[in-house]
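Undergrad: Give me the fold of what follows.
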Amino acid sequence: MVFDLLTLFGLIIGLGAILMGQYFEGGHYSALINEPALLIVLGGSIGAIMVQSPIAVFLRSLSILKWIFLPPQLDSYESVNKIVSWSDIARREGLLGLEAVSENEEDPFARRGLQLLVDGNEPETIRAILEVEVETRERFDLSAARIYESMGGYTPTIGIIGAVLGLIQVMENLADPSLLGHGIAVAFVATIYGVGLANLVLLPISQKLKSVIRGLSQHDYMVVEGIVSIAEGENPRSIEYKLIGFIE
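TA: Numbers count the residues shown, from 1 in each chain. Predicted structure coming up:
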């Protein structure tokens, strides 16, 4: 896996711009640190997401979070070359010649496709089986990515709840000026946390994950097309030209 520096730089630039703006406006960084406001926004949003989501989807969202920094690396050109070599073997030795290849294939998805070939299934049967697997996995992973999109929708609203709670505290302590500042700080900082987390972190994370997931599915569809083309007995060179079209 290769570390995605663009995500890191984006977070640094986005958060850094806000902090620098605060500095140039004459404010202090400490004014943006408020533990009660953070607790309200994060705790409330996480709680709402847990209520909304099936446990399997919620756990999957946690497991794929690392993809924003370490997305799975797939060499599409290497996969095309591999599929073309399988086609050459099938033309020389027949489909049974791919049995040894399937046993040594590291990619579980490609290995299942090769096994379907070796078992002599019809091309359309192979396509149907493999595409169902791709679509099911993509749908599940996209649901997991939408967890962060949904959370990005909740945080601004929870931030407003935090602001209202801060204002309630202000109203309750109008007779004691020493307590007014803390309540007002919670009110405004909670709003900043809610809007900032949504637009600088959560919504971008969701879109990044969706992009990675669609890229993985595109690769798998390419593998499906290659395996089905082998089953149909197409020329290896024609298969190569067809599969190159999947690569962006």
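
Undergrad: Which positions in the lowest-mean-pLDDT helix or strand in the chain come out as buried?
TA: Taking mean pLDDT, DSSP states H and E as the measure, helix 180-196 is the helix or strand of the chain with the lowest mean score, a mean of 82. For helix 180-196, the buried set under the neighbour-count rule, 16 or more other Cβ atoms under 10 Å, comprises 183, 185-196. Any C-beta I mention is one placed from the backbone N, CA and C, and that applies to glycine too.

Undergrad: from what I can see V80 touches M222, true?
TA: Yes: under the criterion of Cβ atoms under 8 Å, V80 is in contact with M222, at a separation of 7.5 Å.

Undergrad: Check the contact lists of the two and give me the overlap.
TA: Residues touching both V80 and M222 comprise L243, I247, with contact defined as Cβ atoms under 8 Å, 6 or more residues apart in numbering.

Undergrad: Not counting its neighbours along the chain, what's nearest M222?
TA: Taking Cβ to Cβ, 6 or more residues apart in numbering as the measure, M222 lies nearest to F246, with 3.9 Å between them; neighbours along the chain are not counted.

Undergrad: hang on, the earlier thing: how far does the least confident helix or strand of the chain sit from the chain's center?
TA: For helix 180-196, the separation from the chain centroid amounts to 30 Å (computed by Cα atoms, centre = their mean, to the nearest Å).

Undergrad: So which elements touch the following helix or strand past that helix?
TA: Towards the C-terminus, the helix or strand next in line after helix 180-196, according to DSSP states H and E, is helix 203-231. In terms of contact count using 3 or more Cβ pairs under 8 Å, 6 or more residues apart in numbering; DSSP states H and E, helix 203-231 is assigned the packing partners helix 76-93, helix 108-118, helix 123-172, helix 236-244.

Undergrad: pLDDT of helix 203-231, averaged?
TA: For helix 203-231, the mean per-residue pLDDT is 96.

Undergrad: what about N34, neighbour count?
TA: Other residues within reach of N34 by the criterion other Cβ atoms under 10 Å amount to 22.

Undergrad: Leaving out the residues flanking it, which one is nearest to it?
TA: Nearest residue to N34 in three dimensions, chain neighbours excluded: V189, at 4.2 Å (Cβ to Cβ, 6+ apart).

Undergrad: who are the neighbours in contact with the one you found?
TA: With contacts defined as Cβ under 8 Å, 6+ apart, V189 is in contact with A31, L32, N34, A37.

Undergrad: Return the distance of it relative to V41.
TA: In this structure, V189 and V41 are 9 Å apart, going by Cβ to Cβ, to the nearest Å.

Undergrad: now G152
TA: For G152, the distance to V41 (Cβ to Cβ) stands at 12 Å.

Undergrad: Which neighbours do these two have in common?
TA: Looking at what touches both G152 and V41 (by Cβ under 8 Å, 6+ apart), the common residues are L197.

Undergrad: who's more crowded, these two?
TA: Under the neighbour definition other Cβ under 10 Å, G152 and V41 were set side by side, and V41 has more, 30 against 24.

Undergrad: So the more buried one sits against Y193, correct?
TA: Yes: A contact is recorded between V41 and Y193 when judged using Cβ under 8 Å, the distance being 4.4 Å.

Undergrad: List the residues that are in contact with both of the two.
TA: When contacts are counted by Cβ under 8 Å, 6+ apart, V41 and Y193 are jointly contacted by T155, G159, G162.
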